[in-house]
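Novice: Please work out how this folds:
(3 chains)
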Amino acid sequence: MIYFRLIAASMRSQLQYRVSFTLDTLGAFLSTFVEFLALALAFGRFGGLGGWSIWQIAFLWGLTEAAFGVMDMLFSGFDPASFSQHVRRGTLDQILLRPVNLIVQILASEFVLRRVGRILEGGLIFVLAVANLGIAWTPLKLAYLPLVFASAVAFYGALFVAGATLSFWTTEALEIVNVFTYGGTTMASYPMNIYTDWLRRIFTYVIPTALIIYYPALFFFDLPDPAGLPVWASFLAPLAGFGLLALAFLGFRFGLRRYASTGV
Amino acid sequence: MPALFALARSAFQRQFAYRAANLAGLVTNLFFGLLRAAVVIALFEARGGAPVAGYGLRESVTFMGVAQALIGWVALWGWWDLLRSVKTGEIANDLQRPVDFFWYWAAQDFGRAVSQLLMRGVPLLLTFGIAYPIILPADAGQTALLGVSLGLAWFCSFAWRFMFSLVAFWTTDAMGVARIAIFVQMFLAGFFLPITFFPDAISAAIRLLPFAGMINTPIEIFVNVARGADALMAIALQIFWAAALYLGARLVLASGIRRLTIQGG
Amino acid sequence: MGAIISLEHLRKTFRVADRPSGRLAGLRGLVAREMRTVTAVDDVSVDIHPGEIVGYLGPNGAGKSTTIKIMTGILVPTSGGVRVNGRVPWRERRAHVAGIGAVFGQRNTLWWDLPVQDSFDLLRHIYAIPAAATRRI
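Specialist: I've put the predicted structure just below:
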């Protein structure tokens, strides 16, 4: 398939520069690891956060970071920061002139391998969490975990696609998308009950960040929801993740009508 | 001197061209500030609200707001102008200007920092202060100390960034190295949490490094955790590092230029 | 024989923001932003038949590239109709671009970070050209 050919070509050229690749991967690893390290070091003086232990938070943190890292790699082409460059310079023309599905082409247009650093960071923290938590695993939990992960990848992918769509309207104010992408991952790395009501409601009902990792985590830990949502709220993640991604792709096709192809 | 002033002013004004970007950045920084406040409040709840080494709940919440407000002032997320100019070779032009190279960049960065503080820092803290009760410097003396400490924080951060950007003279991977440095530096500067919150031995060691003076020191003065002799000691340490980093920057610049002239750019 | 390319009353307008200049321009821009509509293509109709070779001339900014970009499916017109090879370019983009060729000035269709041969190989796959029909250079 053409997607894999494009990706393979891009990976080859990234791996040519070994030193640069290693440094960038390490940078991606550290980018949020230092924040977790700060929290973990301070935790001794406090002993808890919203009733959660450091390893329970590590569970949220690791899962969120790893899923965001995988998304960031797969959806690099839709990364609002780089996609908006194509819109601004009119280089989307090239992609539009090729007889291959548009979304496949954009997904394949960039594949930033160094994001593997963030996946490793999330993975490491998640493994440490699971090793220290003693979760009562059941077949259902084991089966649901990969699905939760995939839903999280789709969910954050939807946010990237939505941000990319926004760049057809503005390339300047695009940093606002960071509130939902980077802000959303930070938010999802902590238990939702620590946030003020309006913030928690927005990120449950409007942009359902809470449904993606936090509610499934309640199920994995066999905890009731302090905000009173029933148990099935823990199983909405796939619907929210993949549903939003489908919506985002539809919206993208609509936004494309506004593409102005500036330049020659 | 008039040349430096003109450079700073023009850099200051240039920032206003990115109106939408700055507004969006302000909203993002504020959002993170609100999240961080929620985290620190939850931490203190677990402790029954008892203070940690002078930091009560209000001091800690204020710390989060001020830390977010200072991001632009010390260019915490990276500063690539000089690094890029070394990479592209534009630096050769700048070196021929009749203004000292270090101060040529310092003046421009100062203009950038002031406009970031006014455009993003101050509005952020004002809004943050509506959402959460914050603490202000106790009196005029404390405010004066804060001013001095903030100035030194900017200078230390600039000298450090200047030195680091010049790594590009020696390696094509300077960007990757700088990115790693940024994250380590954020941790060591106490950007995420007050340095005092870390275990005693670690916090004592981190305090001595130059990074604490870029974020942690001015905020400790802001929230009145460091007062009187403590504050003066912390400022003395900032002055020491400012001098050391300045010398370091000069040395690296000199050997970088030597390399440039030998290789012919 | 009917027209292979036909444009009917083609119109394309863009909304652009005016950037204020002068003193405190940035500050003023924060508050209000003036938008203005620019008409790039204004009521263009033309029929081109198979075998015809056509030149399309005009001064800078006349809307030549915009017209071509609509014909290639890159842009969607504000109003009016286009048919090329019996298709509406922007509605059936993939089928449309598989059958046309376009070269724009100053635009590179290769990958800057790949060897030329690899770029050509990729393009061969994209346009589904059998290997037997190509020759290595």
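Novice: contacting residues for the residue in the stretch 101-250 of chain B positioned nearest to chain A?
Specialist: Ranking the residues of the stretch 101-250 of chain B by distance to chain A (CB to the nearest CB) places B:G176 first, at 3.0 Å. The C-beta positions use only the backbone N, C-alpha and C, and glycine is treated the same way. By CB atoms under 8 Å, 6 or more residues apart in numbering or on different chains, B:G176 lies in contact with A:V19, A:S20, A:L23, A:D24, A:L26, A:G27.
Novice: among those, which are in helices?
Specialist: Here DSSP state H is the test, and those give A:V19, A:S20, A:L23, A:D24, A:L26, A:G27 as lying in helices.
Novice: Of those residues, just the buried ones, ChimeraX syntax please.
Specialist: Of those, the buried ones can be selected in ChimeraX as follows, counting by 16 or more other CB atoms under 10 Å in any protein chain shown:
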select /A:20,23,24,26,27
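Novice: Secondary structure class of the spatially most central residue of chain B, three-state.
Specialist: Nearest to the geometric centre of chain B sits B:V74, at 2.3 Å (CA atoms, centre = their mean). Classification of B:V74 by DSSP: H, G, I helix; E, B strand; the rest coil places it in coil.
Novice: That one against B:L152, yeah?
Specialist: No - with contact defined as CB atoms under 8 Å, B:V74 does not count as touching B:L152 (10.8 Å).
Novice: quick one: the helices in chain A?
Specialist: Using DSSP H, helices in chain A cover A:2-15, A:18-46, A:54-74, A:80-89, A:92-96, A:102-109, A:116-133, A:139-166, A:177-180, A:182-188, A:197-201, A:209-212, A:214-220, A:237-255.
Novice: and the fifth one, what's its mean pLDDT?
Specialist: Meaning helix A:92-96. Averaging pLDDT along helix A:92-96 yields 87.
Novice: Following element in sequence after the helix or strand bottoming out on mean pLDDT in chain C, please.
Specialist: Every helix and strand of chain C was ranked by mean pLDDT, DSSP states H and E. The lowest is helix C:25-31, at a mean of 51. Once the chain leaves helix C:25-31, the next helix or strand it forms, by DSSP states H and E, is strand C:34-48.
Novice: how much does the helix or strand following that following strand deviate in direction from strand C:34-48?
Specialist: Where DSSP H and E defines the elements, the next helix or strand beyond strand C:34-48 is helix C:64-71. Following axes from the mean of the first three to the mean of the last three CA atoms, to 10 degrees, one obtains 70 degrees for the angle between helix C:64-71 and strand C:34-48.
Novice: buried stuff in helix C:64-71?
Specialist: Within helix C:64-71, the residues that qualify as buried are C:S65, C:T66, C:T67, C:K69, C:I70, C:M71, counting by 16+ other CB under 10 Å.
Novice: Looking at the second one now. What's its pLDDT?
Specialist: Here the pLDDT value assigned to C:T66 is 90.
Novice: so where do the helices sit in the stretch 151-265 of chain B?
Specialist: Taking DSSP state H, counting those that start in this stretch as the test, the helices found in the stretch 151-265 of chain B are B:174-188, B:200-208, B:216-222, B:228-263.
Novice: Could I get these in CSV, plus columns for mean pLDDT and distance to B:A168?
Specialist: Output for these, formatted as CSV (pLDDT from 0 to 100; distance: least, CB to CB, whole Å):
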stretch, mean pLDDT, distance to B:A168
helix B:174-188, 90, 4
helix B:200-208, 96, 28
helix B:216-222, 97, 28
helix B:228-263, 92, 9
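Novice: Kindly reformat those as JSON lines containing distance to B:Q116.
Specialist: As requested, the helices of the stretch 151-265 of chain B are exported to JSON lines (distance: least, CB to CB, whole Å):
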{"stretch": "helix B:174-188", "distance to B:Q116": "16"}
{"stretch": "helix B:200-208", "distance to B:Q116": "25"}
{"stretch": "helix B:216-222", "distance to B:Q116": "15"}
{"stretch": "helix B:228-263", "distance to B:Q116": "20"}
